[in-house]
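Peer 1: A predicted structure for the sequence below; I have some questions about it.
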Amino acid sequence: MSMILNKNINPDRPVQLADGVFWVGANHPKNLPANPYLIVDGAEAVLIDGGSRPDFSTVMRKILQTGIAPEQISHLIYQHYDPDLCGSIPNLEQIIARDDLRIISKKENNPFIRHYSVRSQLLCIDRLGRELVLQSGRRLRFLPTPYAHSAGSFVTLDETSGILFTSDLFGSISRPRGLSLFAEMDEHCLDCRDPWPENPEEVCQKTHDVCLLTGMHLFHREVMPCTKALRHALSVIFSVEARMIAPQHGVIFHRKEEIQAMRRILESLEDIGIDHV
Ligand SMILES: [Fe+2]
Ligand SMILES: [Fe+2]
């Protein structure tokens, strides 16, 4: 499958990451930018980490712009239960309007997801054998990343495209270089040994932009509970060969050298969550 990347992306449109895989996120000015993803497979579609209530109208507009009808969405996947993923569940259920719509998460998340006024059947990845096989045979694999950051957190590998959807893991509090959706790390960033500033808005003297590494460090330090949980999650992520890492916040990583640089940097962090207190 060919990767279809367009650096001159229009953030007001869905962005195609691979055949049938789209970023359908919103850049709400007051909110932490989130990245919902849509997989279109024949007549079937799956939405991953669908987004917040304020983002719903933008996300749904972009879903429609991919050319599908809402009722083609057969499954909603939620890799944990935060409002930035799950807030629009009632809106999605209403517009999809399918009695057989399935919501997939994990048993530790599901009692909380119920509080979003869910009326669809709510399934656990463990009871599904940690995979979802679509009508075409396309397989999505679910890999638990416990306590990174929720007890029931997991990541999802689309075997067809090789894209790993990592939810908050590999996330960042900002997107450097304006609205660019893809990581653009130059030589300096790939081998950076500078101390990262505490202020995510501070501009790097070498790249003349806000620092992606600062945004990622601060995000993981604040969102993940401890270093051990992050390192375990990284071991899960790198137990599979992903061609692209697509987090729920920040930028998408598609170059091998950038993925490896981020692996080295994230694995080296020791001040995550309670370990920073
Ligand atoms: Fe979260
Ligand atoms: Fe999040």
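Peer 2: Yep, that arrived. Numbering: from 1, shown residues only. Ligands and ions are numbered 1, 2, ... in the order given.
Peer 1: Within its sheet, name the partner strands of the strand or helix carrying His75 and how each one runs.
Peer 2: Counting by DSSP states H and E, the element that carries His75 is strand 73-77. Strand 73-77 sits in its sheet next to strand 44-48 (parallel), strand 102-105 (parallel), going by DSSP bridges.
Peer 1: Smallest distance to ligand 1 belongs to which residue of this structure?
Peer 2: Taking CB to the ion, ligand 1 has its nearest neighbour within the chain at Asp82, 3.7 Å off. Bear in mind the C-beta positions are built from the backbone N, C-alpha and C, glycine included.
Peer 1: What is the neighbour count of that residue?
Peer 2: 21 (other CB atoms under 10 Å).
Peer 1: Which parts of the stretch 1-150 of the chain are helices?
Peer 2: Assigned by DSSP state H, counting those that start in this stretch, the helices in the stretch 1-150 of the chain fall at 56-65, 83-86, 89-96, 110-113.
Peer 1: right, so these: which one is the most enclosed?
Peer 2: Burial of the helices of the stretch 1-150 of the chain is given as mean neighbour count (mean count of other CB atoms under 10 Å); helix 83-86 ranks first at a mean of 22.
Peer 1: Gly51 contacts Gly87, doesn't it?
Peer 2: Yes. At 7.0 Å, Gly51 counts as touching Gly87 under the criterion of CB atoms under 8 Å.
Peer 1: the more surrounded of those two?
Peer 2: Neighbours per residue (other CB under 10 Å) separate Gly51 from Gly87, with Gly51 holding more: 29 against 18.
Peer 1: Okay, that one and Asn91: tell me how far apart.
Peer 2: 9 Å (CB to CB, to the nearest Å).
Peer 1: now swap in Trp23 and tell me
Peer 2: For Trp23, the distance to Asn91 - CB to CB - is 19 Å.
Peer 1: and what of His149?
Peer 2: Distance of His149 to Asn91, computed by CB to CB: 25 Å.
Peer 1: thinking again about what came up before, so which bits of the strand holding His75 are buried?
Peer 2: Within strand 73-77, the residues scored as buried using 16 or more other CB atoms under 10 Å are Ile73, Ser74, His75, Leu76, Ile77.
Peer 1: In this structure the first one contacts Val46, no?
Peer 2: Yes. Assessed by CB under 8 Å, Ile73 is found in contact with Val46 at 7.0 Å.
Peer 1: Quick one, which of the helices of the stretch 1-150 of the chain gets closest to Lys206.
Peer 2: Comparing those against Lys206 with CB to CB, the closest turns out to be helix 83-86 (31.6 Å).
Peer 1: what residues does this protein put near ligand 1?
Peer 2: Asp82, Asp168 (CB under 5 Å from the ion).
Peer 1: Spell out which parts of the chain neighbour ligand 2.
Peer 2: Close to ligand 2, as judged by CB under 5 Å from the ion, the chain has residues Asp84, Asp168, Gln248.
Peer 1: Recalculate using a threshold of 8 Å.
Peer 2: 32, 34, 49, 80, 82, 84-85, 167-168, 171, 223, 248-249 (CB under 8 Å from the ion).
Peer 1: Check those residues against Arg264 and report the nearest one.
Peer 2: Using CB to CB, the residues of the chain next to ligand 2 come closest to Arg264 at Gly171, 17.5 Å.
Peer 1: number of nearby residues for the closest one?
Peer 2: Counted with other CB under 10 Å, Gly171 comes out at 23.
Peer 1: With Glu241 instead?
Peer 2: Glu241, neighbours per other CB under 10 Å, totals 8.
Peer 1: residues contacting the residue nearest to it when sequence neighbours are not counted?
Peer 2: Nearest non-adjacent residue to Glu241, counting by CB to CB, 6 or more residues apart in numbering: Gly162, 7.2 Å away. Contacts for Gly162 (CB atoms under 8 Å, 6 or more residues apart in numbering) come out as Met1, Ala18, Glu241, Ala242, Arg243, Met244.
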